[in-house]
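>>> Need a 3D model of the sequence below.
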Amino acid sequence: MCVSMPQPFSPEEARSVRAFTERLGLPGLIDVHTHFMPKQVLDKVWAYFDSVGPILGREWPITYRAQEDERVATLRSFGVLGYSSMIYPHKPGMAQWLNGWAIDFAASHPDCLQTATFYPEPQAREYVADAIAAGARIFKSHIQVGDYSPDDPLLDPVWEQIDAAQIPVVIHCGSGPAPGAHTGPEPIRRVLGQFPTLPLIVAHMGIPEYVDFLELAERYDNVRLDTTMSFTDFTEQIGLFPTELLGRLGDLGHKVLFGSDFPNIPYPYRHALDACERLGLGDDWLRAVCFGNAAELFGIEPKAPTALA
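Residues are numbered from 1 along each chain as shown. Now for the predicted structure:
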């Protein structure tokens, strides 16, 4: 169970998160999996989580439900030096508009990695090219919510351009928290068979298909994993991370990136960090996961985090 932690949004919470990075001698955190999106879209996302209890068999409270400015300020108070605006469409005709919003958001938030997304539709080739030209640094693909196959032929020109530009794609392709028609490792295997150098970051460690996605990260140089919600008390109730994989996960420390799912997580931010630490893989592993790997991948220079009030 989670130990008692400071109240969310409090100065005590910020100090608690910073104490984690200070102990490791890190300048701060890089969180590759955070959600900022248009208010009307985020409101619908929150409404989904508010109603998902009967599907999951338990409630999913949004810990960091607040206005956008407060959420940005909270990440900065934690010492997060880089984060994303994970946007994703659930239907055709939505991705291009989301990409435009994300360009504006990154322009006014220089610590945000400019994020883009796509959907299998004829115009995807053009707007993905536009997103890359506009400076996209990370893409998001949500196979579960979008309900599309990653090997849809309409995505071939998308993967081709992303592969050529080597812009990482955070892809929710595992079957947790609930399976979809196209989730699981097999569709990703087919995509990688066609585009073996495609830079993918498998969200949530691919829960619950941990073994399969770990194997893909071992096999393909540009496949990485993010820790988002993995190893936490909440997620371990869905499916335990197999302890027999810990050695291999340790060996892949250079390909694992910290992600949180902020603001949509049902527990305090610090718990996501503690969940990684209690794996027992060592401080060097934590330093790489929480900062070093993403800093190298995205070219983020160490700098002093925002001073606490």
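
>>> Residues touching the host helix or strand of E22, excluding its own?
For E22, the host element (DSSP states H and E) is helix 11-24. Outside helix 11-24, the residues within contact range by Cβ atoms under 8 Å, 6 or more residues apart in numbering are 5-7, 27-29, 74, 77-79, 268-270, 273-274, 277, 283, 286-287, 290-291, 305, 308-309. For the C-beta atoms, the positions are set from N, CA and C on the backbone; glycine is no exception.

>>> so what strands line up beside the very next helix or strand once past that helix?
Going down the chain from helix 11-24, the next helix or strand is strand 29-31, by DSSP H and E. Here strand 29-31 has these sheet partners by DSSP bridges: strand 80-84 (parallel).

>>> Could you pull out the buried residues of the helix or strand just after the strand it pairs with?
Counting by DSSP H and E, the next helix or strand C-terminal to strand 80-84 is helix 95-108. For helix 95-108, burial by neighbour count (16 or more other Cβ atoms under 10 Å) applies to A95, Q96, L98, N99, G100, W101, A102, I103, F105, A106.

>>> Same question for the closest residue to the second one other than its chain neighbours, what's its three-state structure.
If the residues on either side of it in the chain are set aside, Q96 comes closest to Y127, at 4.3 Å by Cβ to Cβ, 6 or more residues apart in numbering. In terms of secondary structure, Y127 is helix; the call rests on DSSP: H, G, I helix; E, B strand; the rest coil.

>>> burial count for Y127?
22 (other Cβ atoms under 10 Å).

>>> just to revisit the earlier point, I'd like to check the angle between the helix holding E22 and strand 80-84, please.
For helix 11-24 against strand 80-84, the angle by axes from the mean of the first three to the mean of the last three Cα atoms, to 10 degrees is 100 degrees.

>>> tell me the mean pLDDT for helix 11-24?
Averaged across helix 11-24, the pLDDT comes to 98.

>>> try stretch 253-269
98.

>>> Would you mark the buried spots in it?
Quick answer for stretch 253-269 (16+ other Cβ under 10 Å): 253, 255-269.

>>> try stretch 69-89
With burial defined by 16+ other Cβ under 10 Å, the residues of stretch 69-89 counted as buried are 71-89.

>>> Same check on stretch 227-236?
T227, T228, M229, S230, F231, T232, F234, T235.

>>> can you give me how far that stretch is from the chain middle?
13 Å (Cα atoms, centre = their mean, to the nearest Å).

>>> Endpoints of that stretch, how far apart?
13 Å (Cα to Cα, to the nearest Å).

>>> Make 13 the starting number, not 1.
All set: I'll call the first residue 13, so the last point we hit is now stretch 239-248.

>>> which residues in the protein form strands?
When assigned using DSSP state E, the strands of the chain occupy the ranges 41-43, 92-96, 124-125, 127-129, 150-154, 181-184, 212-214, 235-238, 268-269.

>>> Dump those to CSV, plus distance to P50.
Shown next, in CSV, are the strands of the chain (distance: least, Cβ to Cβ, whole Å):
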stretch, distance to P50
strand 41-43, 20
strand 92-96, 15
strand 124-125, 15
strand 127-129, 12
strand 150-154, 14
strand 181-184, 19
strand 212-214, 23
strand 235-238, 23
strand 268-269, 25
